[in-house]
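Trainee: Sharing a sequence plus its predicted fold:
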Amino acid sequence: MGPADLIIFQRNIAWQQSLDAMEYWQGMGKPVVIDLDDAYQFLPWSNPAKPFWHIRENGEALKYLTTGMKLSDGLLSPNRILLNDWAHCTRGYYLQNYAEKDWWENLPSRRELQFRRGINNRIIIGWGGSVSHYDSFWGSGIREAASRVCSRHPEVMWMICGNDIRIYEQLPVDGSQKFFQPGVPPEEWPKVVRTFDIGVAPLNGLYDQRRSWIKGMEYSLAGVPWIATQGEPYKDIADLGVLVENNVDIWEYALEQTITGIKARQEEGESKIPEAQKRFILDYNLDIHRGIFEKIIEDHGEDSMKGRLPNIYYVAPGQKPLEETDVQSR
């Protein structure tokens with residue numbers, strides 16, 4: 001990384017070694033920023049990472065993250081609220097998530113993918129995510145709405161993907177109307193998304209409002225009509241989907257309207273794929289990234305003397321260097 005113009009630390013600033021590494025690169029004159037898309041300070045108890053960030057060693061990890069923020073030259077995040085949360089510690093730089101071109105262009109047709117799975121005679125409502133989304137289902141109203149629409153539409157099937165079996169097991173619909181899709185390699189995920197007839201993105205609480213637009217992005221790239229909870233994550237791409245308030249009746253209505261008008265909604269989704277590719281594929285948005293990175297480097301110029309190598313003692317210009325005995329006495 002010696003020739004690098006910018007050093008980015010991804011997420012886990014949770015140990016002294018991370019802080020030492022940040023100081024080392026700053027001491028070498030490099031701007032160092034943290035990239036974060038999780039609101040660890042608002043983790044719900046349903047998230048298995050809660051004890052690590054909030055309980056272990058009296059919340060040691062969260063304290064290291066806070067120290068790292070203050071030490072850093074900035075925070076990169078795909079969510080403006082998350083940037084504001086840390087504004088008292090460091091500068092914020094808004095940079096959304098973008099998609100891998102080779103993974104998302106020239107996908108097989110939905111009909112072909114569904115036929116391979118033997119589900120071409122169903123309406124597939126799909127969702128996929130990690131173990132951090134449990135509260136998204138429990139608090140949004142989507143679970144109760146799912147039960148209602150499934151009772152009226154036996155052709156509907158929910159496809160729950162990822163690594164949180166709890167969401168699948170506790171979805172209150174008949175076993176014949178849901179199935180679980182385990183995680184797949186990232187390059188295979190677009191084909192899974194393309195299989196959906198309808199995509200959903202429920203949000204609930206402070207933690208969820210600090211997410212990125214990634215689900216709406218993926219649904220749009222796959223031509224999948226989608227419904228999401230309104231709020232910060234999806235407000236910039238509301239023209240590509242449907243945003244709803246968290247209410248059982250409202251979620252039920254949105255799902256019902258999409259199910260009964262599925263052909264028209266899918267045609268609309270297909271027609272928006274070229275626009276989605278322009279907006280979300282990384283290759284077509286490199287200027288955005290370059291502009292942000294250049295801004296970080298420019299801002300760092302104002303603080304270029306802040307860097308210090310760890311375990312190295314510094315003296316002010318013009319002062320006599322510290323003798324070894326002086327260091328030991330301190």
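Mentor: Happy to help now that I have it. Just so we're clear, the structure is a prediction, and the values are computed from it rather than from any experiment.

Trainee: what pLDDT does the residue nearest the centre of the chain get?
Mentor: Nearest to the geometric centre of the chain sits residue 212, at 4.4 Å (C-alpha atoms, centre = their mean). According to the prediction, residue 212 has pLDDT 97.

Trainee: what secondary structure does it sit in?
Mentor: coil (DSSP: H, G, I helix; E, B strand; the rest coil).

Trainee: can you give me the strands for this structure?
Mentor: 7-10, 32-35, 75-77, 92-94, 123-129, 156-162, 178-182, 198-201, 226-229, 242-244 (DSSP state E).

Trainee: and of those strands, who's closest to residue 260?
Mentor: Comparing the strands of the chain against residue 260 with C-beta to C-beta, the closest turns out to be strand 123-129 (10.0 Å). Yep, even glycine has a C-beta here, placed from its N, CA and C like the rest.

Trainee: which helices and strands does that closest one pack with?
Mentor: Packed against strand 123-129, as judged by 3 or more C-beta pairs under 8 Å, 6 or more residues apart in numbering; DSSP states H and E, are the following elements: strand 156-162, helix 189-195, strand 198-201.

Trainee: Generate TSV for the strands of the chain, with mean neighbour count and distance to residue 140 as supplementary columns.
Mentor: Rendered in TSV, the data for the strands of the chain read as follows (neighbours: other C-beta atoms under 10 Å; distance: least, C-beta to C-beta, whole Å):
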stretch	mean neighbour count	distance to residue 140
strand 7-10	15	29
strand 32-35	22	27
strand 75-77	23	23
strand 92-94	17	25
strand 123-129	23	11
strand 156-162	22	14
strand 178-182	15	17
strand 198-201	26	9
strand 226-229	26	6
strand 242-244	19	9
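
Trainee: got a markdown table for the ones you listed, with distance to residue 280 too?
Mentor: Output for the strands of the chain, formatted as a markdown table (distance: least, C-beta to C-beta, whole Å):
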| stretch | distance to residue 280 |
| --- | --- |
| strand 7-10 | 20 |
| strand 32-35 | 18 |
| strand 75-77 | 17 |
| strand 92-94 | 16 |
| strand 123-129 | 17 |
| strand 156-162 | 20 |
| strand 178-182 | 23 |
| strand 198-201 | 14 |
| strand 226-229 | 13 |
| strand 242-244 | 17 |
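
Trainee: Make JSON lines out of those and add mean pLDDT and distance to residue 208.
Mentor: Formatted as JSON lines, the strands of the chain follow (pLDDT from 0 to 100; distance: least, C-beta to C-beta, whole Å):
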{"stretch": "strand 7-10", "mean pLDDT": "94", "distance to residue 208": "21"}
{"stretch": "strand 32-35", "mean pLDDT": "96", "distance to residue 208": "19"}
{"stretch": "strand 75-77", "mean pLDDT": "98", "distance to residue 208": "15"}
{"stretch": "strand 92-94", "mean pLDDT": "98", "distance to residue 208": "18"}
{"stretch": "strand 123-129", "mean pLDDT": "97", "distance to residue 208": "11"}
{"stretch": "strand 156-162", "mean pLDDT": "97", "distance to residue 208": "15"}
{"stretch": "strand 178-182", "mean pLDDT": "95", "distance to residue 208": "22"}
{"stretch": "strand 198-201", "mean pLDDT": "98", "distance to residue 208": "10"}
{"stretch": "strand 226-229", "mean pLDDT": "98", "distance to residue 208": "8"}
{"stretch": "strand 242-244", "mean pLDDT": "98", "distance to residue 208": "14"}
